[in-house]
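Asker: after the sequence you'll find the predicted model.
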Amino acid sequence: MGWIEISPVRFACAIDNGQSVYPLQDFIGMIDHDVVQVGDAAEKQTVKCSRNAAASIALVSAETPYEQAAQVLNQLAGIELTVMTEHRVTNSVGSEFVKDVPMDIDPDRTLRMAKKISGNALEVRVNQMDGADNKDEIIQNAIADGPDGILYKKHSEPTMKVMYILCDGTGVPGRHQELADAKGKQPDGGAKTFEAKIGAVFVIEYAEDGKPLLMKNGEIYREKKVRYMGTVRKVEDFGPMIYQHAVDNGLEDMDAVVFLGDGARWVWGIQNEYFPYALTGLDLYHSIERVNIMIDNLQFKGRFSHDKKQEFKDECIKLLRHGKVTDMLGLIESMPCKKGSEKKLESAMGYFRSNMEHMNYGTFTACGIFVGSGVIEAGCKVIVSNRMKNAGMHWSKDNAEKMISLRCAIRNNAFLNEYLHVRDPLVKSAA
């Protein structure tokens, strides 16, 4: 069966000031995809297609550059599109997933949540572990063999749910006009990118005594998959957005909360304002990167200096993994610094001094609490980098916001359900 050409009947509607209406197109589910901004000109342009067609176009365009997406759609579905039309439709679809910034968040909700989870079993277990006489032995076993937990059995015993909240930032290559006043690392002090902020939440179940539920292979059981959100808005907007994202995914039903960050001030600022009751952890792998920086600025002399350096590094990372940050810094300070590297070394050491309260890695590992933020690192790559950082790409903030929102919806497995079921389910849309 080939293409069917339909010439719809047009009516001029007096109610809408004589605007043309097409009853047949409305009946089969054709909708408008408006684009107001075209280049630097404010101009409204409209593309009509069904939601099913728009969903197909957006799905392909969200995964591959527009030129390639147009070829794929043509080869697989016989849909002939210009890149501009494809761009308009994808932007229009993405705009439906852009979240508003929540206004006037009630501070009493935070107080109620703090009161609810006060003294939760996971926090109690962390405190008990910190005071245990055989703490070092327990931590060593947990690092080597995994945490002490119980085998997960569905509907077996009462468990507590713990939400993990993570956020991070990554650069998006921007158009020149978008970066006019942005500060960056270019020789002239300018920037080539603007920042996208990505948030993620996921839930893990623990037993009533705070022990993690384990799968048969010893991995910690995750009840739900990761749910992402993202924006190019400022930190002041991202804070309430990640808070609302957590609420939408069950924050207020949780028994405990863990917040993981990379040490950036704005990240801890969000934690302090919106999740002050959370157990906090600084991503272990960011800390290890700083260890490498410190050691690269130390001086190792002698015939086997490379081996000595590696042994020293291994010992420092071992202390770090056990949460013995003060001991690690003392070891660093016992070594001579390379000439001219004093400021770099001091800056890296300052990172640990400023974030020491978030580096309880050994105890967290023993209690089955994640100490790595690989989930959010992967999110930045999958949502932003893989699609938006290809050679020659330059994004406006508006288009980036729509693409990020669209890709988050796809990764959350929410896109098709939310987009295709907006209308009355009795109305069948044409492909």
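Answerer: Thanks, I have it.
Asker: correct me, but Arg290 touches Phe352?
Answerer: Yes: with contact defined as C-beta atoms under 8 Å, Arg290 counts as touching Phe352 (6.8 Å). (Each C-beta comes from the backbone N, C-alpha and C, glycine too.)
Asker: how is the protein divided into domains?
Answerer: Listed domain ranges for the chain are 11-95+396-420, 107-381 (source: automatic domain parsing).
Asker: for Arg387, find the nearest of those.
Answerer: Nearest to Arg387, of all these, is domain 11-95+396-420, at 6.4 Å by C-beta to C-beta.
Asker: quick one: mean pLDDT over the closest one.
Answerer: When pLDDT is averaged over domain 11-95+396-420, the result is 77.
Asker: list the buried residues of the helix ranked longest in the chain.
Answerer: Here the longest helix in the chain is taken by residue count, with DSSP state H as the criterion, and it is helix 305-321. Using 16 or more other C-beta atoms under 10 Å as the burial criterion, the residues of helix 305-321 that qualify are Lys309, Phe312, Lys313, Cys316, Ile317, Leu319, Leu320, Arg321.
Asker: again with stretch 146-165
Answerer: The neighbour-count check on stretch 146-165 (16+ other C-beta under 10 Å) flags 146-150, 152, 159-165 as buried.
Asker: mind putting those residues into a markdown table with secondary structure and distance to Thr90?
Answerer: Formatted as a markdown table, the entries for the buried residues of stretch 146-165 read as follows, by DSSP: H, G, I helix; E, B strand; the rest coil; distance: C-beta to C-beta, whole Å:
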| residue | secondary structure | distance to Thr90 |
| --- | --- | --- |
| Gly146 | coil | 44 |
| Pro147 | coil | 44 |
| Asp148 | coil | 49 |
| Gly149 | coil | 44 |
| Ile150 | strand | 47 |
| Tyr152 | coil | 40 |
| Thr159 | strand | 42 |
| Met160 | strand | 42 |
| Lys161 | strand | 36 |
| Val162 | strand | 37 |
| Met163 | strand | 32 |
| Tyr164 | strand | 31 |
| Ile165 | strand | 29 |
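Asker: export these to a markdown table and tack on distance to His358 and pLDDT?
Answerer: Below are the buried residues of stretch 146-165 laid out as a markdown table (distance: C-beta to C-beta, whole Å; pLDDT from 0 to 100):
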| residue | distance to His358 | pLDDT |
| --- | --- | --- |
| Gly146 | 22 | 90 |
| Pro147 | 19 | 92 |
| Asp148 | 23 | 90 |
| Gly149 | 23 | 91 |
| Ile150 | 27 | 89 |
| Tyr152 | 28 | 86 |
| Thr159 | 26 | 85 |
| Met160 | 22 | 91 |
| Lys161 | 22 | 93 |
| Val162 | 17 | 96 |
| Met163 | 18 | 96 |
| Tyr164 | 14 | 97 |
| Ile165 | 14 | 97 |
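Asker: name the helix or strand for Leu111, please.
Answerer: Assigned by DSSP states H and E, Leu111 belongs to helix 107-117.
Asker: pLDDT averaged over the helix or strand that that helix is followed by - what is it?
Answerer: Once helix 107-117 ends, the next helix or strand along the chain (criterion: DSSP H and E) is helix 121-130. Within the predicted structure, the mean pLDDT of helix 121-130 is 95.
Asker: with stretch 192-207 instead?
Answerer: Confidence over stretch 192-207 (mean pLDDT, whole number) is 94.
Asker: so what does the helix or strand hosting Met84 touch, helix or strand wise?
Answerer: Using DSSP H and E, the element containing Met84 is helix 83-95. Helices and strands in packing contact with helix 83-95 are listed as strand 30-38, strand 41-50, helix 51-63, helix 66-77, helix 397-411; criterion 3 or more C-beta pairs under 8 Å, 6 or more residues apart in numbering; DSSP states H and E.
Asker: how far off helix 51-63 does it point, in degrees?
Answerer: Following axes from the mean of the first three to the mean of the last three C-alpha atoms, to 10 degrees, one obtains 100 degrees for the angle between helix 83-95 and helix 51-63.
Asker: tally of neighbours for the closest residue to Phe194 other than its chain neighbours?
Answerer: Closest residue to Phe194 in three dimensions, ignoring its sequence neighbours and counting by C-beta to C-beta, 6 or more residues apart in numbering: Gly174, at 4.7 Å. Using other C-beta atoms under 10 Å, Gly174 has 22 other residues around it.
Asker: hmm, back to that, need the residues that contact the helix holding Met84.
Answerer: Contacts with helix 83-95, where a contact means C-beta atoms under 8 Å, 6 or more residues apart in numbering, come from 33-35, 45, 47, 49, 54-55, 57-58, 61-62, 66-67, 69-70, 73, 81, 399, 401-403, 405-406, 419.
Asker: between helix 66-77 and it, find me the angle.
Answerer: Here the directions of helix 83-95 and helix 66-77 differ by 90 degrees (the same axes, to 10 degrees).
Asker: got the angle between helix 83-95 and helix 397-411?
Answerer: If you take the same axes, to 10 degrees, helix 83-95 sits at 70 degrees to helix 397-411.
Asker: buried set for helix 83-95?
Answerer: Along helix 83-95, the positions that meet the burial threshold by neighbour count (16+ other C-beta under 10 Å) are Thr85, Glu86, His87, Arg88, Val89, Thr90, Asn91, Ser92, Val93, Gly94, Ser95.
Asker: for stretch 229-237, measure first residue to last.
Answerer: 13 Å (C-alpha to C-alpha, to the nearest Å).
Asker: in it, what counts as buried?
Answerer: Along stretch 229-237, the positions that meet the burial threshold by neighbour count (16+ other C-beta under 10 Å) are Met229, Gly230, Thr231, Val232, Arg233, Val235, Asp237.
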